[in-house]
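Engineer: Coordinates only, no sequence provided:
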């Protein structure tokens, strides 16, 4: 299971820009909000991230990444 944060940090600056362009996600939105789980993506955005990752991420990986944030907030 791949963590979105680790996947993102493992990319070079050029790869990050390419990933965002391919997924149709703004670079700043991805880097500031999605990677740090301050916002939750739509299913359409999750699908775009999975496709743009070239199979490095799965739907389960991305959805699970955001579900971890939800369960941590509820238990706090």
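Structural biologist: That came in fine, so what should we check first? Values in this document were obtained by computation on a predicted structure and should not be read as measured data. Numbers count the residues shown, from 1 in each chain.

Engineer: any idea which residue sits dead centre in this structure?
Structural biologist: residue 4 (4.7 Å; CA atoms, centre = their mean).

Engineer: how many neighbours does the residue nearest to that residue when sequence neighbours are not counted have?
Structural biologist: Distances taken as CB to CB, 6 or more residues apart in numbering place residue 65 nearest to residue 4, at 4.4 Å, with adjacent residues excluded. C-beta here means a position set from N, CA and C on the backbone, and glycine is covered the same way. Neighbourhood size, residue 65 [other CB atoms under 10 Å]: 23.

Engineer: Would you map the helices across the chain?
Structural biologist: Per DSSP state H, the chain carries helices over the ranges 4-9, 13-23, 27-29, 43-52, 59-75.

Engineer: Columns distance to residue 37 and mean pLDDT on top of these, output as JSON lines?
Structural biologist: Formatted as JSON lines, these follow (distance: least, CB to CB, whole Å; pLDDT from 0 to 100):
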{"stretch": "helix 4-9", "distance to residue 37": "8", "mean pLDDT": "96"}
{"stretch": "helix 13-23", "distance to residue 37": "17", "mean pLDDT": "98"}
{"stretch": "helix 27-29", "distance to residue 37": "13", "mean pLDDT": "97"}
{"stretch": "helix 43-52", "distance to residue 37": "13", "mean pLDDT": "97"}
{"stretch": "helix 59-75", "distance to residue 37": "4", "mean pLDDT": "80"}
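
Engineer: thought residue 7 was touching residue 53?
Structural biologist: Yes. Counting by CB atoms under 8 Å, residue 53 is a contact partner of residue 7 at 6.7 Å.

Engineer: if we can go back for a sec, how about the helices of the chain, which one is nearest residue 36?
Structural biologist: helix 4-9 (7.7 Å; CB to CB).

Engineer: Give me the contact list for that closest one.
Structural biologist: Residues from elsewhere that reach helix 4-9 (CB atoms under 8 Å, 6 or more residues apart in numbering): 16, 30-31, 34-36, 49, 53, 56-57, 61-62, 65.

Engineer: which of those tops the neighbour count?
Structural biologist: Most neighbours among the contacts of helix 4-9, by other CB under 10 Å: residue 49, with 27 neighbours.
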